[in-house]
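Student: with the sequence up front, the predicted model follows.
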Amino acid sequence: MAIAMSKTREQFPLSTKKVLKKTLGASLAWIIVFGVAYFAFTGFFITLAGQTGNSSGSVMGLVTLGVFSFLALIVVINYLYQKWYYDVYYYDLNDDFIVIKKGPITPHEITIPYERIQDVYVDQDLLDRMFGLYDVHLSSATISSGMAAHIDGVEKAAADGLRDHLLKTVSARINRNRAGINTPPAQAQKS
């Protein structure tokens, strides 16, 4: 599958470390759940075997192999899904708005006119810090902007460049609109 590229994504690229970060984050929850269940099952099985006098090490070996195989399968599936997500992730700064498309199975697209952008900021969560990644957020007055209006998984230079480019574009659009509003209609038609 071809990567969804745009001039903006070429200029401010996503990092491939995003795939590993998202795989680790998604797999970690499964590993914890199955780890707790495995140790609870192991404790129960050892207690039961001690009470009955049975020593079924081969059964525990099969259970252990099954759990680790299932966890490995989950990690591989998560990796493949995150790679697919990375490939279809699209963002572009057009003349009038920014477009962000995410999601391979249930695609979600958000389009924000520059005039609606109230703030542009960069942040990191714990896994972002571990991988040296940043998220560029765009806030507007809509509820969906907090959830979908961000570009995640870029490195420091790309995050700073994207933020600066967006702030300059937003500022230029606001100044242009103010100049058009403050100019009387007769003068606006002459220029």
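Tutor: Ah, there it is.
Student: run a quick neighbour tally on Leu65.
Tutor: Residues near Leu65, counting by other C-beta atoms under 10 Å, number 10. (Glycine included, C-beta is placed from N, CA and C.)
Student: number the chain from 15, please
Tutor: Right, with 15 as the first residue, what we last looked at is Leu79.
Student: helix, strand or coil for it?
Tutor: helix (DSSP: H, G, I helix; E, B strand; the rest coil).
Student: for it, give its distance to Thr61.
Tutor: To Thr61, Leu79 is 21 Å away according to C-beta to C-beta, to the nearest Å.
Student: repeat that for Val90.
Tutor: For Val90, the distance to Thr61 - C-beta to C-beta - is 34 Å.
Student: mind splitting this protein into its structural domains?
Tutor: 27-101, 104-192 (automatic domain parsing).
Student: mind giving me JSON lines with these and columns for mean pLDDT and distance to Lys21?
Tutor: Converted to JSON lines, these look like this (pLDDT from 0 to 100; distance: least, C-beta to C-beta, whole Å):
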{"stretch": "domain 27-101", "mean pLDDT": "84", "distance to Lys21": "11"}
{"stretch": "domain 104-192", "mean pLDDT": "89", "distance to Lys21": "7"}
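Student: all helices for the protein, in order.
Tutor: Secondary structure of the chain (DSSP state H): helices located at 21-25, 31-66, 71-102, 140-145, 157-162, 170-196, 199-204.
Student: buried ones in the longest one?
Tutor: Judged by neighbour count (16 or more other C-beta atoms under 10 Å), helix 31-66 contains these buried residues: Lys31, Lys32, Val33, Leu34, Lys35, Lys36, Thr37, Leu38, Ala40, Ser41, Phe48, Tyr52.
Student: bridge partners for the most centrally placed residue in the chain, pull those for me.
Tutor: The chain has Asp166 as the residue nearest its centroid, 4.7 Å off, counting by C-alpha atoms, centre = their mean. Beta-bridge partners of Asp166, counted by DSSP bridges, are Asp149.
Student: since that was my last question, I'll sign off now.
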